[in-house]
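[1] Here's a sequence, model it:
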Amino acid sequence: MSSALTDLFPHPIVQAPMAGGVSVPKLAAAVCEAGGLGFLAAGYKTADGMYEEIKQLRSLTGRPFGVNLFMPQPEYPGASTGSTGAAGAAPASAAAIDVYAHQLAGEASWYEAELGDPDSGRDDGYETKLAVLRDNPVPVVSFHFGAPSREVVDALHRVGTFVLVTATTPDEARAVERSGADAVIAQGIEAGGHQGTHRDIPETDGSGIGLLSLVAQIRETVNIPIIAAGGIMRGGQIAAVLAAGASAAQLGTAFLATAESGANALHKQALTNPLFVRTELTRAFSGRPARGLVNRFLREHGPYAPAAYPEIHHLTAPLRKAAAKAGDAQGMALWAGQGHRMARELPAGQLVEVLAGELAAARTALSGGGGIR
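    From the prediction side, this is the model:
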């Protein structure tokens, strides 16, 4: 990775931007202050809301940080909105969304909540957020669900911003490199939350590339630096992805359990609760493949959820909010990576220090011929 970018964070540890209220300013600030790269998640926020969080974060730390944006999504047949976005196969029809809404009627009755409006918006305020970030530059901006245009990347470069883009395959990594981005975030199938696939097609629901294999393949495909993401919970795993060719590691679930995380207490507890034994990719909550702890809602509705993001996200939002208010983890979207049982309830800054110590020990063991613990 270019020295200018690595100089931003002394430890090769990036805190993943987790949308939905998890990646709050105090979490990002704690990670930055400890020597990692903290991130804010602009997804599902207004441009004004994003800007307010940027100002809050700047009041908490003077160190570099990042902001993550969601790429706009392609139109679906029969939609009432007019925006289009990242390239991809045609999503589910309006009729399929209506059928799923009918299937969720029982959930709405149970939680005494109205279903949300699926046509609440598809572009997540993308252009307005870009304008804010051009007028008020931040050190790093990352993109999820597709690669931005070369013009967008060039505009961010002109104001001194580094650009990162998620990829889940070598072909997507090529698109990231063509966009002019400074680095690619290689997201393995182990990752919690939404897969950052550039094209959302049903055929990819149950498949994906494991992180170490993905890093190796992307390393041989592109010439830009790699940040590895997916299931990383220990410093030894960071050492492994660095040895495989990555320049840094991005961790999400590991930071979800920290005190500074904005995640619901039920979500934090569920990570190590024996009741939740595994994770699964599902469209049940958002209409796009995302990895979460298997609970009642996921089991009952996952098999029937259409490929319709963000329509299903908007549709289920009131249900998820009502479940959280009722203290019912079985109705919440409990995003988590495959390493969730290894979560540690530490302050975020201390977690960075522990991970850095584990990384150093693993590197020493490797150089001395020992094994990674």
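
[2] can you list the weak-confidence ranges in the stretch 51-200 of the chain?
    Scanning the stretch 51-200 of the chain for pLDDT under 70 picks out the ranges 75-91.

[3] could you show me where the helices are in the stretch 151-300 of the chain, in order?
    For the stretch 151-300 of the chain, the helices defined by DSSP state H, counting those that start in this stretch occupy 170-179, 211-219, 235-244, 253-256, 265-270, 296-301.

[4] Name the residues of the second one that are buried.
    Residues Leu211, Leu212, Leu214, Val215, Ala216, Gln217, Ile218, Arg219 are the ones in helix 211-219 that count as buried (16 or more other CB atoms under 10 Å). Yep, even glycine has a C-beta here, placed from its N, CA and C like the rest.

[5] tilt between that helix and helix 170-179?
    Relative orientation of helix 211-219 and helix 170-179, computed by axes from the mean of the first three to the mean of the last three CA atoms, to 10 degrees: 50 degrees.

[6] Now do helix 211-219 against helix 235-244, angle only.
    In terms of direction (the same axes, to 10 degrees), helix 211-219 departs from helix 235-244 by 30 degrees.

[7] List of residues touching the helix ranked longest in the chain?
    In the chain, with assignment by DSSP state H, the single longest helix is helix 348-367. Contacting residues not belonging to helix 348-367 are listed as 11-13, 15, 27, 30-31, 33-36, 234-236, 238-240, 242-243, 251, 254-255, 258-261, 344, 346, 370-373 [CB atoms under 8 Å, 6 or more residues apart in numbering].

[8] Which positions within that helix qualify as buried?
    Neighbour counts using 16+ other CB under 10 Å place 348-349, 351-356, 358-359, 361-363 of helix 348-367 among the buried residues.

[9] Tabulate the residues you listed (JSON lines), appending pLDDT.
    As requested, these are exported to JSON lines (pLDDT from 0 to 100):
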{"residue": "Ala348", "pLDDT": "98"}
{"residue": "Gly349", "pLDDT": "98"}
{"residue": "Leu351", "pLDDT": "98"}
{"residue": "Val352", "pLDDT": "98"}
{"residue": "Glu353", "pLDDT": "98"}
{"residue": "Val354", "pLDDT": "98"}
{"residue": "Leu355", "pLDDT": "98"}
{"residue": "Ala356", "pLDDT": "98"}
{"residue": "Glu358", "pLDDT": "98"}
{"residue": "Leu359", "pLDDT": "98"}
{"residue": "Ala361", "pLDDT": "97"}
{"residue": "Ala362", "pLDDT": "97"}
{"residue": "Arg363", "pLDDT": "93"}
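
[10] which among the residues you listed gets closest to Ser120?
    Ala348 (31.8 Å; CB to CB).

[11] Name the residues that touch stretch 301-314?
    Here stretch 301-314 has contacts from 44, 73, 76, 79, 91-92, 96-97, 99-100, 103-104, 107, 116-122, 124, 200-202, 280, 282-288, using CB under 8 Å, 6+ apart.

[12] List buried residues within those residues.
    With burial judged by 16+ other CB under 10 Å, the buried subset of these is 44, 73, 76, 79, 91-92, 96-97, 100, 104, 107, 116, 118-119, 122, 124, 200, 280, 282-288.

[13] can you pull out the strands in the stretch 51-200 of the chain?
    Here the stretch 51-200 of the chain has its strands, by DSSP state E, counting those that start in this stretch, at 65-70, 140-144, 162-167, 183-187, 193-194.

[14] Show residues contacting the third one.
    By CB under 8 Å, 6+ apart, the list of residues contacting strand 162-167 from outside reads 4-5, 8, 66, 139-145, 147-148, 153, 156-157, 173, 175-176, 179-187, 196, 198, 218, 227, 229.

[15] rewinding a little: just curious, which of the buried residues of helix 211-219 is nearest to Ala131?
    Ile218 (31.2 Å).

[16] Return the residues in contact with that closest one.
    Contacts for Ile218 (CB under 8 Å, 6+ apart) come out as Ala167, Pro170, Ala173, Val184, Ala186, Ile226, Gly245.

[17] Note down every partner strand of the host helix or strand of Leu40 and its orientation.
    Taking DSSP states H and E as the criterion, the element that holds Leu40 is strand 38-41. Using DSSP bridges, the strands paired with strand 38-41 are strand 65-70 (parallel).

[18] for the strand it pairs with, which positions count as buried?
    By neighbour count on 16+ other CB under 10 Å, the buried set for strand 65-70 is Phe65, Gly66, Val67, Asn68, Leu69, Phe70.

[19] Quick check: which of the helices of the stretch 151-300 of the chain is buried the most?
    Among the helices of the stretch 151-300 of the chain, ranked by average contacts under mean count of other CB atoms under 10 Å, first place goes to helix 253-256 (a mean of 29).

[20] And the contacts of it?
    So helix 253-256 is contacted by 15-16, 18, 22, 27, 31, 192, 231-233, 261, 263, 267-268, 271, 335-337, 339-340, 342-344, 348, 351, 355 (CB under 8 Å, 6+ apart).

[21] If any of the residues you listed are buried, put those into a PyMOL selection.
    Only the buried entries of the contacts of helix 253-256 go into this PyMOL selection, using 16+ other CB under 10 Å:
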select buried, resi 15+16+18+22+27+31+192+231+232+233+261+263+267+268+271+335+336+337+339+340+342+343+348+351+355
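
[22] Can you pick out the ones from the contacts of helix 253-256 that are in strands?
    Of the contacts of helix 253-256, the ones assigned to strands by DSSP state E are Gln15.
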